[in-house]
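Participant: Quick one, structure for this:
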Amino acid sequence: MPAASATAAPVLPDHVKKPNEEEFKKELAEVNANIEKLQKQFDAVREKINKSPQKNDNARREEIKTELNEIRDKQAALKKTRKAVYEQLDAINDSIRNKVRISKSERACVGSIKGFQTKIPFKTTEEVDARIAELESKIEAGVRIVEEKKMLQEISMLKRNRLSVEDVDGQQAAINKEREIYGELKKNIDDSEAKKLSDRYEELDAEFKLLHADHSKQREARNQLYDERNRLKTLLDEEYQKMRTMRDEHRKNNDEYYTFVRQLREYKREQEQLRKEQEENEKRQEAAKQELELAALPAFESEIALCDNLAIFLESFVSSGADKKSQQEPSVNAAADAFDGMVIKKRDDEDFFVGKSKKKQQQKQKDPKDKKSDSLKLPLATMEAFFDIKVTVPTKISEIPATLTKLKERKEYYIAEQPKATELNKKKAEEKIKAMEKEEEEQKKAEAEAAATAAAAATAEKQEASTESKKEE
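Facilitator: Predicted coordinates:
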């Protein structure tokens with residue numbers, strides 16, 4: 001069988017041997033002894049580290065760091081605040097200067113505030129009102145006409161410019177308000193807080209440096225112990241790595257050896273499976289070949305032969321009396337040959353058809369009533385033959401000619417439909433074979449998927465077992 005020998009049998013590699021468990025255990029014991037010795041030294045150094053002075057000043061150093069950071073933040077905030085105050089003072093100063101230069105209003109252009117105050121030497125509306133009242137009082141007391149005229153002109157001018165005085169008054173009030181704010185801000189600037197923060201910072205910084213020096217000495221002593229601990233840790237790691245390498249190699253050798261054993265077992269199983277599949281494939285091909293051969297046979301051959309045999313059988317009943325008597329026995333035998341494979345049912349007083357024993361035939365000849373009987377009784381097998389070709393079963397001898405005509409028509413129908421039915425049978429056979437092949441492919445695919453799933457599960461289980469083994473190590 002060429003298919004069975006397509007895959008070569010697995011061969012055990014030269015470098016793969018069955019591991020020697022005794023030798024492996026001996027080497028592993030030596031490595032464990034070295035690990036135990038180094039572990040004792042490592043534990044001793046670690047004990048010295050634990051007993052060495054700890055970072056007792058660390059809490060105080062952290063407190064100093066925190067306070068120094070707070071002082072820095074305060075100094076930065078103070079600097080930022082004073083900068084903002086100076087900027088605010090400059091802004092107020094600029095505003096005051098601008099207000100002094102600003103014009104009285106957009107509606108009345110009398111000049112600057114100083115120029116306006118030169119023409120009207122009154123700074124507030126109260127002063128203007130008092131001057132108007134004073135002039136009116138003098139006029140009422142009586143003055144010369146020329147003076148009265150001047151006083152009236154001054155009163156008129158004061159009343160006209162009273163609004164301007166109000167604006168000047170508002171400007172002056174705003175200036176005074178800003179000057180007050182300027183003075184308050186100036187008072188708030190105090191350098192004593194900054195000096196206090198600076199002194200505290202220097203004090204804490206000196207303490208921090210002292211603590212840092214002590215800590216450096218302790219750290220140097222601890223570092224020496226740490227170096228020794230690291231050296232021993234490196235040696236321990238090397239021994240552990242050596243042990244892991246030994247175990248890995250031992251496991252690898254085991255895996256390779258038993259993998260070969262499994263592969264050999266699997267190879268034999270596959271060869272047996274291939275042999276069975278080849279046999280099944282040959283059987284399927286033979287069955288498909290037979291199916292196609294049967295489908296290629298002309299259709300309705302059995303139906304056409306059945307029509308001929310039934311016609312021959314019925315014609316025996318319509319022959320002449322002499323012929324009928326002489327051929328009655330052969331007709332029965334011919335009918336039996338025509339329905340070979342069918343069971344002809346016999347009854348107590350009748351045979352294949354209405355023919356009876358010689359004695360009863362003589363009685364029938366003597367009975368004029370029976371002689372004229374037209375009834376026709378057929379065996380069950382013969383009736384089933386009529387059913388198979390869908391022709392009505394004749395129950396009387398007089399119906400035989402019509403039945404013969406129907407048999408002829410049925411035969412002609414079968415002959416006419418024979419090519420079409422034959423082609424249809426071929427098509428059905430091909431479809432059946434394709435369906436069988438498709439089912440076979442799907443089955444193979446399902447088996448392959450199941451095998452792949454099983455292999456993946458086995459691999460995962462193997463990896464998990466390997467991982468657990470490493471954890472235990």
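
Participant: what about the helix or strand where residue 284 lies, average pLDDT?
Facilitator: Counting by DSSP states H and E, the element that carries residue 284 is helix 192-296. In this model, helix 192-296 has an average pLDDT of 86.

Participant: other SSEs contacting it?
Facilitator: helix 21-51, helix 58-101, helix 400-472 (3 or more C-beta pairs under 8 Å, 6 or more residues apart in numbering; DSSP states H and E). C-betas here are computed from N, CA, C, even on glycine.

Participant: Would you tell me what the next helix or strand after it is?
Facilitator: helix 301-315.

Participant: between that following helix and helix 400-472, how big is the angle?
Facilitator: 150 degrees (axes from the mean of the first three to the mean of the last three C-alpha atoms, to 10 degrees).

Participant: Can you spell out which helices and strands pack onto helix 301-315?
Facilitator: helix 321-338, helix 380-388, helix 400-472.

Participant: Just name the most buried of the ones you listed.
Facilitator: Each of the helices and strands packed on helix 301-315 was given a mean neighbour count from mean count of other C-beta atoms under 10 Å, and the largest, a mean of 16, is that of helix 380-388.

Participant: about what we covered before: out of the helices and strands packed on helix 301-315, which comes closest to residue 268?
Facilitator: Of all the helices and strands packed on helix 301-315, the one in closest proximity to residue 268, counting by C-beta to C-beta, is helix 400-472 (15.9 Å).

Participant: The one helix or strand residue 135 maps to: which residues count as buried?
Facilitator: In this assignment (DSSP H and E), residue 135 forms part of helix 125-141. For helix 125-141, a neighbour-count test (16 or more other C-beta atoms under 10 Å) marks 128, 131-132, 135 as buried.

Participant: Following it in sequence, what is the next regular element?
Facilitator: Read in the C-terminal direction, the helix or strand following helix 125-141 is helix 145-160, with elements assigned using DSSP H and E.

Participant: tell me the mean pLDDT over the helix holding residue 135?
Facilitator: Helix 125-141 shows a mean pLDDT of 82 in the predicted model.

Participant: where does this structure have low pLDDT?
Facilitator: Low-confidence segments of the chain, defined by pLDDT under 70: 1-7, 14-15, 53-57, 102-123, 164-170, 185-192, 319-373, 462, 465-473.

Participant: tell me the domain boundaries of it?
Facilitator: When the chain is parsed with automatic domain parsing, its domains come out as 21-50+194-292, 122-160, 301-442.

Participant: Mind putting the ones you listed into a markdown table with distance to residue 92?
Facilitator: Formatted as a markdown table, the entries for the domains of the chain read as follows, by distance: least, C-beta to C-beta, whole Å:
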| stretch | distance to residue 92 |
| --- | --- |
| domain 21-50+194-292 | 23 |
| domain 122-160 | 21 |
| domain 301-442 | 95 |
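
Participant: wait, which of those is closest to residue 9?
Facilitator: Comparing the domains of the chain against residue 9 with C-beta to C-beta, the closest turns out to be domain 21-50+194-292 (5.5 Å).

Participant: returning to what we had before: switch the helices and strands packed on helix 301-315 over to TSV; also include distance to residue 140.
Facilitator: Converted to TSV, the helices and strands packed on helix 301-315 look like this (distance: least, C-beta to C-beta, whole Å):
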stretch	distance to residue 140
helix 321-338	170
helix 380-388	157
helix 400-472	121
